[in-house]
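[1] Structure, please.
(3 chains)
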Amino acid sequence: MSSLVYIAFQDNDAARYLVESIIQDNPHAVVQHHPAMIRIEAEKRLEIRRETVEENLGRAWDVQEMLLDVITIGGNVDEDDDRFVLEWKN
Amino acid sequence: MATHNKKRLNLKDKYRYLTRDLAWETTYQKKEDVFPLEHFEGIKITDWDKWEDPFRLTMDSYWKYQAEKEKKLYAIFDAFAQNNGHQNISDARYVNALKLFLTGVSPLEYQAFQGFSRVGRQFSGAGARVACQMQAIDELRHVQTQLHAMSHYNKHFNGLHDFSHMYDRVWFLSVPKSFMDDARTAGPFEFLTAISFSFEYVLTNLLFVPFMSGAAYNGDMATVTFGFSAQSDEARHMTLGLEVIKFMLEQHEDNVPIIQRWIDKWFWRGYRLLTLVGMMMDYMLPNKVMSWAEAWEVYYEQAGGALFKDLERYGIRPPKYVEQTTIGKEHITHQVWATFYQYSKATNFHTWIPGDEELNWLSEKYPNTFDKYYRPRFEFWREQQAKGERFYNDTLPHLCQVCQVPAIFTEPDDPTKLSHRSHVHEGERYHFCSDGCCDIFKNEPVKYIQAWLPVHQIYQGNCEGGDLETVVQKYFHINIGQDNLEYVGSPDHQRWLAWKKLETPSQPAGSNKEHDAA
Amino acid sequence: MTVNAIGEYTATPRDVQANFHGMQLLYVYWEKHLMYCSAFALLVAPSLTFGDFIDQMFMGVIQAHPDSAKIDFSQALWLLNDQPFTPDYAASLEANGIDHKSLLRLSTPGLNGVQGSCS
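    All right, here's what the predicted structure looks like:
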């Protein structure tokens, strides 16, 4: 059985850049569009990198800003100043 | 690319300074006296410093982000009210889901606020205390934003006028109430396993994600916004839930069997509670996003599968009786909608027979069960209604002693037979809907022999009267003829038709043209 | 098992027969007729005869079901608290061994609910 991690964002302007950045950094991720919501799932691991988001957004971005638009997550979380990681280790 | 202020503390240091370093060791009192509830459950903690908050959220950032969320949320509430958003929903039937949400879910948020305030005081580890404190404030925010959002609907629809009174008294609301009372009367570690892990991590996605996406799909901007705003806090709560479990399991091997029993118990209690949400998705959203069975597959089977695979290394197995949920996902929503349909005299919301398009959707989504077991029931009731004999069950139901849901569920291996279990404790017979609920009772019988079962209370004469009408009107505060009964022809329905400048149909909403002609 | 608590934990059962003012609870489940979502919870006098219970109470409870008029009670099969049971229609519920919070199951062979769907 596969071990999917997932994250969902509100379908708004801020999340658009986040989703774009996630796809860029996680080529194995699958994006699903639901009413008012964008859900991304990936086998084992998914990473949001500050650098990529800042490039796409064109401004400084604090990783914790993702708390404004996130709806739900699945997987073990690890966060520091440069990235937000979701992971299943088994 | 923008440059960062290099003088700023990094996240890990900031978290350490603003949580751990605010704590102190006790000097003039013994630590066990300051935190007296930390040991009686048998959970052994050797090193609180191993507690991790992966979000590393500190109080200053918490206020900053929460304030921003609130501003966005209330701007939308204002816009919704100013634009008469309630007239732009898919259909007025939808509002009945909100009535159930307001009476059955919002009070749970308040109870969760109380629960986290209490347990946050009881842990000697500063990390756990801060996380519980933030969650307590979150839960209070959830109940407040939900009330504000739904106060707009209360101006235009019936049944939303007395939610907290109803939560304490109405028969089906004893289901969520007893769930939360059970958790809040447990010790602090069981409370966290129940609410943070089993409910928040394993099950709340099913409440807030597909249902809220469904609210958006039905034009309810206010609800989807409070739902997703609340759920953005849940992402933190879920992380806390998973960390709590891993922390307890890593602290001592003796914790494993205790936690396994709590997971078994709270998964089953949560599963029973969520039957209500499943019904809201399959039956109360006129525009459907996904079926309950599909949501269960994505948010429990897939996500829970990965979770329990991850927890295997600690010696934790998936919850007991989980295989019954795989069977039940094709049945329970139909069973519970049929229950509310027949007991609509005693609900603060309306029920109805789904329209043909909706029945066809249910047949398609539930190919193994709907046509065989449930569609004939609904079609028979529709015929009765067309003849002016709308079906109501006037006899009170048989309740499960633990989950307090009427024992409406069928045997896992026989969908034509009700699942009943019973057990005699100190000479008194008790009844249950399932092995799961029966096991919970047997583990702690004294906790459940005192259960306040609404049906039995009515029969004991403790609910202001012996007849159903008095109980409904006087004890429940449900206004007869306005809040309850069939949707078709109800005051809500008539008001909706007037807003939309539509004719009153002579037939139930469920019948199609050909059926009308017949 | 006992409740794990900070002190001694005791409670009284809330639904003992004494709380029902001379009456008792009886649950009745009519098999293969799930149009009635659960077993019925009924408040009955222990002195009521089984026959009167059926005629004056139970038949009214299930009246809305099209199968109710077709029941042949001479063919009916009963279980009382999961044990095979042959009711004495002339005797009281109490004399029939139907005590407080008993569960009676009624099976009516040949009647399989709305369109045979067990509804």
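
[2] Return the residues of the stretch 1-150 of chain B in contact with chain C.
    Within the stretch 1-150 of chain B, the positions near chain C by C-beta under 8 Å from any C-beta of the partner chain are B:P36, B:L37, B:F40, B:E41, B:G42. To be clear about C-beta, it is placed using only N, CA and C from the backbone, and glycine gets the same treatment.

[3] out of the residues you listed, who's nearest B:S178?
    B:E41 (20.6 Å; C-beta to C-beta).

[4] thought the closest one was touching B:L192?
    No: if you go by C-beta atoms under 8 Å, B:E41 and B:L192 don't touch, sitting 10.5 Å apart.

[5] between the two, who's got more neighbours?
    Ranked by neighbour count (other C-beta atoms under 10 Å in any protein chain shown), B:E41 and B:L192 place B:L192 first, with 30 against 20.

[6] quick one: secondary structure of that one?
    Under the three-state scheme (DSSP: H, G, I helix; E, B strand; the rest coil), B:L192 adopts helix.

[7] ok, it - contacts?
    B:V119, B:G241, B:V244 (C-beta atoms under 8 Å, 6 or more residues apart in numbering or on different chains).

[8] Let me see the contact set for the second one.
    By C-beta under 8 Å, 6+ apart, the contact list for B:G241 reads B:L192, B:I195, B:S196, B:F197, B:S198, B:E200, B:Y201, B:V202.

[9] coming back round to it: out of the contacts of B:L192, list just those in helices.
    B:V119, B:G241, B:V244 (DSSP state H).

[10] of all these, which comes closest to A:I22?
    B:G241 (23.5 Å).

[11] And the closest one, how far from chain A?
    11 Å (C-beta to the nearest C-beta, to the nearest Å).

[12] next one: C:D99
    Where chain A is concerned, C:D99 sits at a distance of 49 Å (C-beta to the nearest C-beta).

[13] Reformat the contacts of B:G241 as JSON lines; add secondary structure, distance to B:H334 and pLDDT.
    Below are these laid out as JSON lines (DSSP: H, G, I helix; E, B strand; the rest coil; distance: C-beta to C-beta, whole Å; pLDDT from 0 to 100):
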{"residue": "B:L192", "secondary structure": "helix", "distance to B:H334": "34", "pLDDT": "96"}
{"residue": "B:I195", "secondary structure": "helix", "distance to B:H334": "29", "pLDDT": "95"}
{"residue": "B:S196", "secondary structure": "helix", "distance to B:H334": "31", "pLDDT": "93"}
{"residue": "B:F197", "secondary structure": "helix", "distance to B:H334": "29", "pLDDT": "92"}
{"residue": "B:S198", "secondary structure": "helix", "distance to B:H334": "25", "pLDDT": "92"}
{"residue": "B:E200", "secondary structure": "helix", "distance to B:H334": "27", "pLDDT": "87"}
{"residue": "B:Y201", "secondary structure": "helix", "distance to B:H334": "28", "pLDDT": "85"}
{"residue": "B:V202", "secondary structure": "helix", "distance to B:H334": "24", "pLDDT": "84"}
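
[14] Quick one: those as JSON lines, columns for distance to B:Y374 too.
    Below are these laid out as JSON lines (distance: C-beta to C-beta, whole Å):
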{"residue": "B:L192", "distance to B:Y374": "38"}
{"residue": "B:I195", "distance to B:Y374": "33"}
{"residue": "B:S196", "distance to B:Y374": "35"}
{"residue": "B:F197", "distance to B:Y374": "33"}
{"residue": "B:S198", "distance to B:Y374": "29"}
{"residue": "B:E200", "distance to B:Y374": "31"}
{"residue": "B:Y201", "distance to B:Y374": "32"}
{"residue": "B:V202", "distance to B:Y374": "27"}
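
[15] List just the nearest of these to chain A.
    B:Y201 (8.7 Å; C-beta to the nearest C-beta).

[16] Does the closest one touch B:R236 like I think?
    No: between B:Y201 and B:R236 there is no contact under C-beta under 8 Å: 11.2 Å.

[17] Hmm, B:Q384 is touching B:R390, no?
    Yes: look at B:Q384 against B:R390 with C-beta under 8 Å: they come within range, at 6.6 Å.

[18] More neighbours: which of those two?
    B:R390 (19 against 16).

[19] Excluding residues flanking it in the chain, which one is nearest that one?
    Distances taken as C-beta to C-beta, 6 or more residues apart in numbering or on different chains place B:E486 nearest to B:R390, at 5.4 Å, with adjacent residues excluded.

[20] Any idea what that neighbour is bridged to?
    B:T351 (DSSP bridges).

[21] And the residue of the stretch 251-400 of chain B that's closest to chain A?
    For the stretch 251-400 of chain B, C-beta to the nearest C-beta, closest residue to chain A: B:A306, 4.0 Å.

[22] So which other helices or strands are in contact with whichever strand or helix holds that residue?
    Assigned by DSSP states H and E, B:A306 falls within helix B:303-311. When contacts are defined as 3 or more C-beta pairs under 8 Å, 6 or more residues apart in numbering or on different chains; DSSP states H and E, helix B:303-311 sits against strand A:4-10, strand A:70-74, helix B:221-251.

[23] Tell me what angle the last one forms with strand A:70-74.
    It stands for helix B:221-251. Relative orientation of helix B:221-251 and strand A:70-74, computed by axes from the mean of the first three to the mean of the last three C-alpha atoms, to 10 degrees: 30 degrees.
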